[in-house]
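In: Sequence and predicted structure below; questions after.
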Amino acid sequence: MADKLMDDTLLEVDGIETCYGLSQVLFGLSLSIKSGEMVSLMGRNGMGKTTTIRSIMGLTPARAGSIRFAGAEVRTQPSYRIAQLGIGLVPEGRQIFPNLTVRENLVAAAADRFGSSNPWTLAAIYVMFPRLAERASNMGNQLSGGEQQMLAIGRALMTNPKLLILDEATEGLAPLIREEIWNCLSLLKSRGQSILVVDKNVDHLARICDRHTIIERGRTVWSGTSDELLAEPDLQHKYLGI
């Protein structure tokens, strides 16, 4: 049974420590994601959520601890290699290519390295986000914030990742666009996509995520299911309130 549990674990972050120069941000942080799970990473601003993601992706390498993805230790791997192993990132701020068209943004990093039985293609992305089909020839910098977020998600999905990571999935978006993004994430989960999502909307996260990890000052302070999260309003006030 222990071997089966280990086989199901797609991402295992164990006791990582990450610094920016002499300033340490993460202090022994741990989290895990099983295949097909959707897990949230929550905490107030400045608590280390983005640094956690940057550490997983090798953009700000952790100086200690372990990061295992699909059974391989990746803590010391370069970021491009980590991406090739099957992690698709939707970064905070979207970071789409402003001087490429929507279509060019989508195909720029397109790949199906693992021979998916139902791979993401341009046509599939356009079905999920019809607005991108309408704007296919528009440049990235001509899109609204919501359209840019759709494009960033579509671009990550075009790599056909084993794990999709979204940093601030709905930050700064209009309510209708936020609902569209949440609907998209629900659809992805129903397809069996493994997802790590950072967002502040506890209600939506509790509705669609399997498990949650809360961090405070660079440390994991709580993890549990949606039912457990909703049953502890004091926990939300302590670690997630303003």
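Out: Thanks, I have it. As the structure is a prediction and not an experimental result, all values here were calculated from the model.

In: I figured D8 hits S35, correct?
Out: Yes - between D8 and S35 there is a contact under CB atoms under 8 Å: 5.6 Å. (C-beta placed from N, C-alpha, C; glycine too.)

In: Any stretches of the chain with poor pLDDT?
Out: Within the chain, the ranges that satisfy pLDDT under 70 run 1-7, 242.

In: hmm, try it at 80
Out: Scanning the chain for pLDDT under 80 picks out 1-7, 241-242.

In: After the top helix by length along it, which helix or strand is next?
Out: Taking DSSP state H as the criterion, the chain has its longest helix at helix 175-190. Per DSSP states H and E, helix 175-190 leads on to strand 194-198 as the next helix or strand towards the C-terminus.

In: now the most centrally placed residue in the chain, what's its secondary structure?
Out: What sits nearest the mean C-alpha location of the chain, by CA atoms, centre = their mean, is I165, with 1.6 Å. Of the three states, I165 takes strand according to DSSP: H, G, I helix; E, B strand; the rest coil.

In: Can you verify my assumption that it contacts E92?
Out: No - between I165 and E92 there is no contact under CB under 8 Å: 10.7 Å.

In: picking up where we left off before, check contacts around the residue nearest to the centre of the chain.
Out: 53, 56-57, 87-90, 195-197 (CB atoms under 8 Å, 6 or more residues apart in numbering).

In: what about 7 Å?
Out: 53, 87, 89-90, 196 (CB atoms under 7 Å, 6 or more residues apart in numbering).

In: Give me the number of neighbouring residues for T52.
Out: Neighbour count for T52, taken as other CB atoms under 10 Å: 29.

In: First-to-last residue distance for stretch 30-49?
Out: 12 Å (CA to CA, to the nearest Å).

In: same thing with stretch 96-109?
Out: By CA to CA, the extent of stretch 96-109 from end to end equals 12 Å.

In: Likewise for stretch 206-214?
Out: 13 Å.

In: And it, what's buried?
Out: By 16 or more other CB atoms under 10 Å, the buried positions in stretch 206-214 come out as 206, 208-209, 211-214.

In: Name the residues that touch it?
Out: 31, 37-43, 182, 185-186, 189, 205, 220-226, 229-230, 239.

In: hmm, which of these are the buried ones?
Out: 31, 37-43, 182, 185, 189, 205, 220, 222-223, 226, 229, 239.

In: list the contacts for R68?
Out: Counting by CB under 7 Å, 6+ apart, R68 has contacts 12, 74.

In: Kindly provide the distance from it to L85.
Out: 11 Å (CB to CB, to the nearest Å).

In: Need the residues touching each of these two.
Out: Shared contacts of R68 and L85, counting by CB under 7 Å, 6+ apart, come down to V74.

In: ok, back up a step: give the single residue among the contacts of I165 positioned nearest to S116.
Out: The closest of the contacts of I165 to S116 turns out to be I87 (CB to CB; 14.9 Å).

In: show me the contacts for the closest residue in space to that closest one that isn't next to it in sequence.
Out: Computed as CB to CB, 6 or more residues apart in numbering, the closest residue to I87 that is not its neighbour in sequence is L163, at 4.9 Å. Taking CB under 7 Å, 6+ apart, we find L163 in contact with 10-11, 33, 86-87, 194, 196.

In: Please apply the same query to L89.
Out: So L89 contacts 57, 156, 165 (CB under 7 Å, 6+ apart).

In: Show me how this structure divides into domains.
Out: The record's domain split for the chain, according to automatic domain parsing, is 1-86+162-172+194-242, 87-160.
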